[in-house]
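> quick one, what's the 3D model for this:
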Amino acid sequence: MLEQTNTSSQISHRIWCGWLLLLLVASSGCRVIYPGRLPDGPQPCIPANVPREQAKVTLPDYLIEPPDILRIEAISLVPKAPYQLRVFDVLSISTTGLTQSEAIDGEYTIQPDGSIKLGHEIGAIQAGGLTSEQLQEQILAKLKEIYTDPTVWVTLVQIGAQQQVAGEHLVAPDGKVNLGHYGRVRVVGLSIEEAQATVQAHLSQYLEDPQISLDVLGYNSKVYYVITQGAGLGDQVAILPARGNETVLDAIGQIQGLQSNSSTRMWIARPGYNEQGGDQILPVDWLAVTQRGDIETNYQIMPGDRVYVSEDKLVAMDTAFGKLFSPFERIFGVTLLGTQTAQRIVFFNQPNQGFGGF
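Have a look, this model is predicted:
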């Protein structure tokens, strides 16, 4: 009997030691093996020239992709002759031989109905579809009906379609930008200089030696990710624009620091394979980066990188136990509530019992 007691005690002692060892391993975390890595597979290989703080590199030429936002400025947009006037074109009209109060001198915009308003005496004149010379002759003929020796000059100042070219343009999912009257141009996969030349070549079908400037206003297609493990409550993913200068410390700062259920164990998962054919895993020593100012593992973030922040194992274990025991707690709570209710009903149904029983 004593031998059985000692054996049971030893088994119980071993079980408690096993639980304690499991708890210590879970709380400390593993700093060598990462999720998805085979124990006998390729190990992390970190080249010495990996860009990091104080040793950053410039990114290659930016390639335009959806949903980037481009800014186009019109430098010279001169239509090919003969140009027929269109709605919203701006004309400069000046005259001589008229009275001072009725003289025409200024800029006039062609209205949506294709006309321009030249005052009370002359009224509206249809301009849409005419060339500048034809409109000038039409205005002169109208003035000769009223004045003795009038002259008139009509000059095209700005074409209305220029407003559709200049401004901000979103790169559509098909990789094209919309230039309004001049159609759509495919710019996906091009550098800024190549896109500028492509747009100018497209506009040259309609304009005389067009000159524009093109730049990227919104760098929306190049991003990196910060994944925070949720300790059993679901991971959180933050998508941040890659501006080419961020480090791991910058990335964590963008998500307002580590959460209460996060550990200091983190790494960068970079798409592709390393020199040994394994995953590109760059472990980060958070305490060294933040407490000692060590730049060795404060790596530069590249577009497409995943900064993974592991969970606090104690919080994750507490969450797991909570999920495990929560159904039983509810069942026991309902059972206890039903038992107490039944006891009170029986108590009040007994003869000679009343409120004094409380």
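
> how close does the most centrally placed residue in the chain get to Val171?
The central residue of the chain, meaning the one whose C-alpha is nearest the mean C-alpha position (Cα atoms, centre = their mean), is Asn220 at 4.9 Å. As for Asn220, its distance to Val171 is 9 Å (criterion: Cβ to Cβ, to the nearest Å). Just so you know, the C-beta spots here come from the backbone N, C-alpha and C atoms, and that holds for glycine as well.

> now for these two: what residues contact both?
67-69 (Cβ atoms under 8 Å, 6 or more residues apart in numbering).

> so which of those wins on neighbours?
Asp68 (23 neighbours; other Cβ atoms under 10 Å).

> check contacts around that one.
For Asp68, counting by Cβ under 8 Å, 6+ apart, the contacting residues are 170-171, 216, 218-221.

> domain-wise, how is this protein divided?
Here the domain parsing of the chain from automatic domain parsing is 69-77+162-218, 84-158, 222-343.

> can you say which of those domains is nearest to Val50?
Put simply, out of the domains of the chain the one that sits nearest Val50 is domain 222-343, at 6.0 Å, with distance taken as Cβ to Cβ.

> average pLDDT across that closest one?
Predicted confidence along domain 222-343 averages 87 (mean pLDDT).

> and if you look at stretch 127-138?
If you average the pLDDT values across stretch 127-138, you get 88.

> so how far does that stretch reach from one end to the other?
Between the opening and closing residues of stretch 127-138 there is a gap of 9 Å (Cα to Cα, to the nearest Å).

> now the strands for the stretch 101-250 of the chain?
105-109, 115-117, 124-126, 151-158, 167-170, 176-178, 184-186, 207-218, 223-228, 236-241 (DSSP state E, counting those that start in this stretch).

> the ones you listed: which one's closest to Thr247?
Per Cβ to Cβ, nearest to Thr247 of these: strand 223-228, 11.2 Å.

> quick one: list the elements packing against that closest one.
Applying 3 or more Cβ pairs under 8 Å, 6 or more residues apart in numbering; DSSP states H and E, one finds that strand 223-228 contacts strand 236-241, helix 248-254, strand 306-311.

> how far does that strand sit from the chain's center?
12 Å (Cα atoms, centre = their mean, to the nearest Å).

> do the same with stretch 302-316
Between the centre of stretch 302-316 and the centre of its chain there are 20 Å (Cα atoms, centre = their mean).

> same check on stretch 163-176?
17 Å.

> renumber starting at 40 from here on
Yes, from this point I'll number from 40; that puts the last item at stretch 202-215.

> list the buried residues in it.
Residues 203-205, 208, 210, 214-215 are the ones in stretch 202-215 that count as buried (16 or more other Cβ atoms under 10 Å).

> pick out the most distant pair among those residues.
Across these, no pair lies farther apart than Ala205 and Gly214, at 20.9 Å, counting by Cβ to Cβ.
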